[in-house]
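K.L.:
model this:
(one chain, ligands or ions: 1)
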Amino acid sequence: MKIAHWQADLQQIRQLRLFNNVASNSIDQLLKEFRACDLEAGEILLSPFNRNQYLYLLLKGQCQVYLGSLENQPVSTLSIGDCVGEISFIDNQHPSAYVVASEPSSALRLHRESLINLFQQSPQLMHNLLELLCERVRQGNRVLLDSEQNANIDTLTGTFNRRWLTHVFERESTRCTFSKRPLCMLMLDVDHFKAYNDQHGHIAGDYALWQVAQTLRAQLRPTDSLARYGGEEFVILLPEMGEDDGRSIGERLRQGLQQVTSFYSPLGTLPGVTVSIGLALMQPKDSLQSLIARADSALYKAKRQGRNCLSS
Ligand SMILES: Nc1nc2c(ncn2[C@@H]2O[C@H](COP(=O)(O)OP(=O)(O)OP(=O)(O)O)[C@@H](O)[C@H]2O)c(=O)[nH]1
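P.N.:
Next up, the predicted model:
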């Protein structure tokens, strides 16, 4: 980072959010506390390994924010007018993220020693800084929410995964028990899938799993929960469904897949697959594990009965 010569352009300064509505006669005084600096592309401005003493205000260029490691995808981009390092500047702790200049950039920087001075001179600037901080907190919460949602999604099929099933079972089983309603579980397993992979290739197998997920999802209610439980196994929770209803839904899903005799994929047309289904009705005191164990043995029965059928 190079300290740069900088001629204050009041027009530009007034447009920066930190200086929003700050009285013109204070700006001159405030700017004396700032130093201009130039950053090269790739330069690391903040790192969780180094304590940060400065608040940066981007005047030119842009920076990217990385959480955890610089190998990860950037979580956000900071551009002209954005503040950098405001949290560690205030609490004097290590930054929680890496901030890297993604192109040659210029910034104004302010040492934390000037903080008190600055606030005394301009409550408006303090107000602006608080607003920017709140925005950063909200942005952080959004990133957290996104990563939480991604952690529940199976990347191949776009359905929920086993982790999410644990979470949703807790909620739905409590709700159904409380309202004295039944809950049904279906466990589906693609038939002869090893042979499918062997014959058409693993990528084709991946497309077939994707196709299964699409077909199942299209036939379920929004309140039903579809999760990929593992390899070629899916679990469906049917809240407020007794055994007979669960059976007819399972049967409809099985037939729906049987009817997809072929489907289009980026590899060309591929044959469809069939599934075997095990059904289990939730009993009082059932845990997710005990319910899955019964659905799994019903599935095993369906496999023994010749596959492409439902058993309970
Ligand atoms: N393409 C693909 N294959 C997978 C995936 N997960 C598991 N498999 C394959 O699924 C196959 C499952 O084989 P098996 O458990 O022997 O069962 P099966 O051949 O389907 O036979 P049955 O279940 O008895 O009808 C294995 O060959 C796994 O490699 C995946 O994500 N993609």
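K.L.:
For the chain, which residue gets nearest to the ligand?
P.N.:
residue 205 (2.5 Å; CB to the nearest ligand atom). Yep, even glycine has a C-beta here, placed from its N, CA and C like the rest.
K.L.:
where's that residue, which helix or strand?
P.N.:
Using DSSP states H and E, residue 205 sits in helix 202-218.
K.L.:
Now do the buried residues in that helix.
P.N.:
204-205, 207-213, 215-216 (16 or more other CB atoms under 10 Å).
K.L.:
thinking again about what came up before, how deep is the closest residue in space to the residue of the chain closest to the ligand that isn't next to it in sequence tucked in, by neighbour count?
P.N.:
With sequence-adjacent residues excluded and distances taken as CB to CB, 6 or more residues apart in numbering, residue 205 is closest to residue 197, at 4.1 Å. The local packing of residue 197 (other CB atoms under 10 Å) involves 16 other residues.
K.L.:
and residue 197, how far is that from residue 206?
P.N.:
Per CB to CB, to the nearest Å, residue 197 is found 9 Å from residue 206.
K.L.:
Nearest to residue 11 among the buried residues of helix 202-218?
P.N.:
Nearest to residue 11 out of the buried residues of helix 202-218 is residue 210 (CB to CB; 54.4 Å).
K.L.:
Name the nearest residue to the closest one, ignoring sequence neighbours.
P.N.:
Closest residue in space to residue 210, ignoring its immediate chain neighbours: residue 157 at 5.5 Å, by CB to CB, 6+ apart.
K.L.:
try residue 73
P.N.:
Spatial nearest neighbour of residue 73, chain neighbours left out: residue 66 (7.9 Å); criterion: CB to CB, 6+ apart.
K.L.:
which of the residues in the helix or strand where residue 169 lies are buried?
P.N.:
Here residue 169 sits within helix 162-178, counting by DSSP H and E. Neighbour-count burial for helix 162-178 flags 162, 164-165, 168-169, 172-173, 176 (criterion: 16+ other CB under 10 Å).
K.L.:
burial count for residue 278?
P.N.:
For residue 278, the count of nearby residues is 25 (other CB under 10 Å).
K.L.:
going forward can the numbers begin at 521, since that is how I track them
P.N.:
Yes, from this point I'll number from 521; that puts the last item at residue 798.
K.L.:
can you confirm it is in a strand?
P.N.:
Yes: when DSSP: H, G, I helix; E, B strand; the rest coil is applied, residue 798 is found to be in a strand.
K.L.:
ok so, going back, taking the buried residues of helix 682-698, tell me the two that lie furthest apart.
P.N.:
Distances among those were taken as CB to CB; the most separated pair is 682 and 696, at 20.4 Å.
K.L.:
helix, strand or coil for residue 565?
P.N.:
Residue 565 ends up strand, using three-state DSSP.
K.L.:
List the residues that contact the nearest residue to it once chain neighbours are set aside.
P.N.:
Using CB to CB, 6+ apart and skipping residues adjacent in sequence, the residue nearest residue 565 is residue 619, 4.6 Å away. Contact analysis of residue 619 by CB atoms under 8 Å, 6 or more residues apart in numbering lists 564-566, 583-586, 598, 604-605.
K.L.:
thinking again about what came up before, okay, and the residue nearest to residue 725 sits in which element?
P.N.:
Here residue 717 sits within helix 713-720, counting by DSSP H and E.
K.L.:
Could you give me the buried positions within the helix or strand residue 764 falls within?
P.N.:
Per DSSP H and E: residue 764 is located in helix 763-779. Under the neighbour-count criterion of 16+ other CB under 10 Å, helix 763-779 has 766-767, 769-770, 773-774, 777 buried.
K.L.:
again, but for stretch 594-612
P.N.:
Under 16+ other CB under 10 Å, the buried positions of stretch 594-612 are 594-596, 598, 600-609.
K.L.:
Any chance of JSON lines for these, columns secondary structure, distance to the ligand and pLDDT?
P.N.:
Putting these into JSON lines (DSSP: H, G, I helix; E, B strand; the rest coil; distance: CB to the nearest ligand atom, whole Å; pLDDT from 0 to 100) gives the following:
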{"residue": "594", "secondary structure": "coil", "distance to the ligand": "29", "pLDDT": "90"}
{"residue": "595", "secondary structure": "coil", "distance to the ligand": "28", "pLDDT": "84"}
{"residue": "596", "secondary structure": "strand", "distance to the ligand": "32", "pLDDT": "87"}
{"residue": "598", "secondary structure": "strand", "distance to the ligand": "38", "pLDDT": "93"}
{"residue": "600", "secondary structure": "coil", "distance to the ligand": "45", "pLDDT": "90"}
{"residue": "601", "secondary structure": "coil", "distance to the ligand": "46", "pLDDT": "88"}
{"residue": "602", "secondary structure": "coil", "distance to the ligand": "41", "pLDDT": "90"}
{"residue": "603", "secondary structure": "strand", "distance to the ligand": "44", "pLDDT": "89"}
{"residue": "604", "secondary structure": "strand", "distance to the ligand": "42", "pLDDT": "90"}
{"residue": "605", "secondary structure": "coil", "distance to the ligand": "43", "pLDDT": "90"}
{"residue": "606", "secondary structure": "helix", "distance to the ligand": "44", "pLDDT": "86"}
{"residue": "607", "secondary structure": "helix", "distance to the ligand": "41", "pLDDT": "85"}
{"residue": "608", "secondary structure": "helix", "distance to the ligand": "42", "pLDDT": "87"}
{"residue": "609", "secondary structure": "helix", "distance to the ligand": "47", "pLDDT": "85"}
